[in-house]
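Enquirer: Sequence and computational prediction follow.
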Amino acid sequence: MTAHPPAAAPRRRRRSRRAAAPLAAVSVLVAGAALTGCGQQPDADVYTVMNSSTDESYHRWDAEAMARCGKQLGVTIEQQSVPAAQVMTKALRMASSKSLPDIIQFDASEMPTFADAGGLVDLKSIGLSTQDIPEGIVDFGSYKGTYYGAARSVNTLALFYNKDLLDQAGVPVPTTWDELREAAKKLTQGKRYGLALSAGGAEDGVFQFMPFMWSNGGDESKLDSPQVAQALDYWKALLADGSLSKSTVNWTQADVNDQFMAGNAAMMINGPWQVETLNTDKSLHWEIAQIPVPKAGDDSVGPLGGAILTVPNTGDEQREKTAGKIVACLSSQQEQLTYALNSWMVPANSKAAAVWREKVPELDALADQVAVARSRTAQLGAGWSSVSLALQSAFQSALTGESSEAALKRAQQRATSGN
């Protein structure tokens, strides 16, 4: 089944979910930066939002939302877009020169570093509410229990499958690990693999491993636990079955989507950022389901992805309060719904998400997955970066021959040392 955008939705280029920038490498710089105090005085009625909306469509959608909110609040809101990988470094330079924008849109995994250094304002202290926002999404924008970032939309992963191929093979949509493994075996024929996923040495691979680790009871604070090893062993079993390509250790999530669209994989683990590209092939009849779980009755717990709007601590309390009103407007129920329908993401607000389900019923399973999804940084905060890097190395070793136990033992040691 093909998901259909609203009639007025413009086409856009493919965007992969943004990989989180390493946090440990910049934490010292953030802590040492002069995060408060103003440099040159900004125009009293002009507010700046720095984001990563360099894609033409995203930039336009954000500009339209900012124009609506600016009109409502009686201010001018200017957008400053920089490449995703440069948001943190740009923010650091602006902090050191006391020229921070009024609002910064961070990848949620980057936010803890800025917050830990005292660089962000508690959004609740300037009037923002978390009512109608699921707990997991509140955690997504929080650090050490303080709400610093408001999400407009979020994403996570789901199981995408080629309906025609499953129907032809008489394979039901899998819901458990055993069913997924059996389905992938049956669907593997010739040059076509049963399943495609990203296990590359980057954040994409870690993002894709989380549903398997968390759904099996694994924990990011103890990578060498049996539960994490079992999840990695499951990936190894799929590889040993021949259901996964050996190239999976090199694939990004965009590569996985390319394989699925080319007919080289019957199923894939991926996210809603691929929907528009999938829809360019009208002959491809795809549908989605929640990612299978170890056993029936388990929750399919995936990672939350996306960006959050934050208010930097500039020392100007009046501007910070107005910035808070801008964030509240941009993350309001109606603005969330508009943004989500354009971008294929899921609204963070539960009421907006309910309307979204009605408008895009083909992606309903994604909303179910988001409802129980978790933030990668909720437990470890800025320490997540070390865990991510350690896991990336573990995948590469375990999927190319080393035992999961040995690879994860080394990963835990690396994560603990921060190296």
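Expert: Happy to help now that I have it. Remember, predicted model here, so these are calculated numbers, not experimental data. Numbering: from 1, shown residues only.

Enquirer: C-alpha only now, for contacts and for neighbours.
Expert: Noted.

Enquirer: how about low-confidence regions in the stretch 1-150 of the chain?
Expert: 1-41 (pLDDT under 70).

Enquirer: could you redo the last one with a cut-off of 80?
Expert: The model of the stretch 1-150 of the chain has pLDDT under 80 over residues 1-43.

Enquirer: what are the ranges of the helices in it?
Expert: Using DSSP state H, counting those that start in this stretch, the helices found in the stretch 1-150 of the chain span residues 24-32, 56-73, 87-96, 111-116, 135-140.

Enquirer: which parts of the second one are buried?
Expert: Using 16 or more other Cα atoms under 10 Å as the test for burial, helix 56-73 gives Ser57, Tyr58, His59, Trp61, Asp62, Ala63, Ala65, Met66, Ala67, Arg68, Cys69, Gly70.

Enquirer: Give me the contacts around that helix.
Expert: The contact list for helix 56-73 (Cα atoms under 8 Å, 6 or more residues apart in numbering) reads 10-12, 53, 76-79, 81, 325-326, 329-330, 335, 339, 342-343.

Enquirer: redo that, cut-off 7 Å
Expert: Helix 56-73 is contacted from outside by Arg12, Ser53, Thr76, Ile77, Gln79, Ile326, Cys329, Leu330, using Cα atoms under 7 Å, 6 or more residues apart in numbering.

Enquirer: now do the last one
Expert: With contacts defined as Cα under 7 Å, 6+ apart, helix 135-140 is touched by Ala108, Thr130, Ala348, Val372, Ala373, Arg374, Ser375, Ala378.

Enquirer: Of these, just the buried ones, ChimeraX syntax please.
Expert: Entered in ChimeraX, the line below selects the buried ones among those, by 16+ other Cα under 10 Å:
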select :108,348,372,373,374,375,378
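
Enquirer: which one of the contacts of helix 135-140 sits closest to Val87?
Expert: Nearest to Val87 among those: Ala108, at 11.9 Å, using Cα to Cα.

Enquirer: show me what contacts that closest one?
Expert: Phe140, Gly141, Gly306, Ala307, Ile308.

Enquirer: Read off the pLDDT value for the third one.
Expert: Spelled out, it's Gly306. Among the per-residue scores, Gly306 holds a pLDDT of 89.

Enquirer: What distance do you get for it to Met94?
Expert: Note on Gly306: its distance to Met94, by Cα to Cα, to the nearest Å, is 23 Å.

Enquirer: okay, those two: which has more neighbours?
Expert: Gly306 (22 against 17; other Cα atoms under 10 Å).

Enquirer: That one and Gln412: what is the separation?
Expert: Taken as Cα to Cα, the span from Gly306 to Gln412 is 26 Å.

Enquirer: what does Leu157 give?
Expert: Separation of Leu157 from Gln412 (Cα to Cα) stands at 25 Å.
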